[in-house]
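**Student:** have a look; sequence and predicted model below, questions after that.
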Amino acid sequence: MAFVIGVLVIAIPSWADAALGDRTLQKGTTGEDVAELQEYLMTKGIYPYHTATGYFGPITEQAVIDFQQSRNLKVDGLAGPQTNHAIKVLRQGDSGNPVAEVQSQLKKLGYYQSSIDGIYGSGTASSVQSFQQDAGLVVDGIAGPNTRGALDRRVAPRSAAVGKELNVESTAYTANCSGCSGITKMGINLKKYPDGKVIAVDPSVIPLGSIVHVEGYGYAIAADIGGAIDGNKIDVFIPNRDDAYQWGRRDVHIRVIE
């Protein structure tokens, strides 16, 4: 994979650390919870951008309205408790980073054997059903709140890295280069899943499979490694080469979430 450098200053919005469901989101709000909302809207195929912006503008509002209509919810364009709860339910046909996170959990528990591609197909649904059966849950192949809560509890105990905060040197890479397979160490195909939020890490510092919040980048899966990624260094995946150049080499603050 190609490593690139450059310089770019990123402004961190207010509510940067909010999680989806912490508050009602509406037009004009910004933050990581807005970006998370947009990622879930992407899984449903109703958010037209390929990258979450973290800004709740008219396009996000319309996507929320479209989702509310599709689920027979109150149509007001606000991402409140009901909408936020419903949108986090993942099922066959969804695709995106939240799906990849569920696949990663299932893989850790031995229920999912395929590559982590962020696509909720029949294989993922079957793996969810197997987990649900063993966990004594309703077997429907849908990753709703009960199933996802059980997954969270069953995944390997919190590692010593959880909660770790540190400043690291960050570079950016793309998957579109001569000789690049685009397949991460954990099996994510970045050419097939270019919207994935993925970082390469030193596993002795950040365990593979960890969910990490990266300043200026958002929530990402530590799913790759690299020969130059040693110690307090990370490499963020950015599909567009020009955007990767803009990211450049910079010091960022990270926090290991899980």
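**Tutor:** That came through, no problem.

**Student:** next helix or strand past the helix or strand harbouring V168?
**Tutor:** V168 belongs to strand 165-174 when elements are defined using DSSP states H and E. Next helix or strand after strand 165-174 toward the C-terminus (DSSP H and E): strand 198-200.

**Student:** which of the residues in the helix or strand just after that following strand are classified as buried?
**Tutor:** Next helix or strand after strand 198-200 toward the C-terminus (DSSP H and E): strand 211-214. Residues of strand 211-214 classed as buried by neighbour count (16 or more other Cβ atoms under 10 Å): I211, V212, H213, V214. C-betas here are computed from N, CA, C, even on glycine.

**Student:** centre of the chain versus strand 211-214, how much separation?
**Tutor:** Its chain's C-alpha centre and that of strand 211-214 lie 9 Å apart, by Cα atoms, centre = their mean, to the nearest Å.

**Student:** now that strand: mean pLDDT?
**Tutor:** Per-residue pLDDT over strand 211-214 has a mean of 90.

**Student:** got a list of contacts for that strand?
**Tutor:** Residues outside strand 211-214 that contact it (Cβ atoms under 8 Å, 6 or more residues apart in numbering) are 17, 32, 101, 170, 199, 201, 206, 219-222, 234, 236, 252, 254-258.

**Student:** follow-up on the earlier one: elements contacting the strand holding V168?
**Tutor:** strand 2-4, strand 233-237, helix 241-247, strand 250-256 (3 or more Cβ pairs under 8 Å, 6 or more residues apart in numbering; DSSP states H and E).

**Student:** picking up where we left off before, just the buried residues out of the contacts of strand 211-214, in PyMOL syntax.
**Tutor:** Those of the contacts of strand 211-214 that count as buried under 16+ other Cβ under 10 Å are selected in PyMOL with:
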select buried, resi 32+101+170+199+201+206+219+220+221+222+234+236+252+254+255+256
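
**Student:** now the strand holding V168 and strand 233-237, what's the angle there?
**Tutor:** 40 degrees (axes from the mean of the first three to the mean of the last three Cα atoms, to 10 degrees).

**Student:** number the chain from 784, please
**Tutor:** Okay, residue one is now 784; in that scheme the one you just asked about reads as strand 948-957.

**Student:** so what's the residue most central in space within the chain up against?
**Tutor:** By Cα atoms, centre = their mean, the mean C-alpha position of the chain lies nearest to N880, the distance being 3.8 Å. Going by Cβ under 8 Å, 6+ apart, N880 touches E822, M825, T826, G901, D978, G979, K980, Y1002, I1004.

**Student:** buried only: go through those residues for me.
**Tutor:** For the contacts of N880, buried by 16+ other Cβ under 10 Å: E822, M825, T826, G901, D978, G979, K980, Y1002, I1004.

**Student:** dihedrals phi and psi, the residue nearest to the centre of the chain?
**Tutor:** When read as degrees, to the nearest 10, the backbone of N880 gives phi -60, psi -40.
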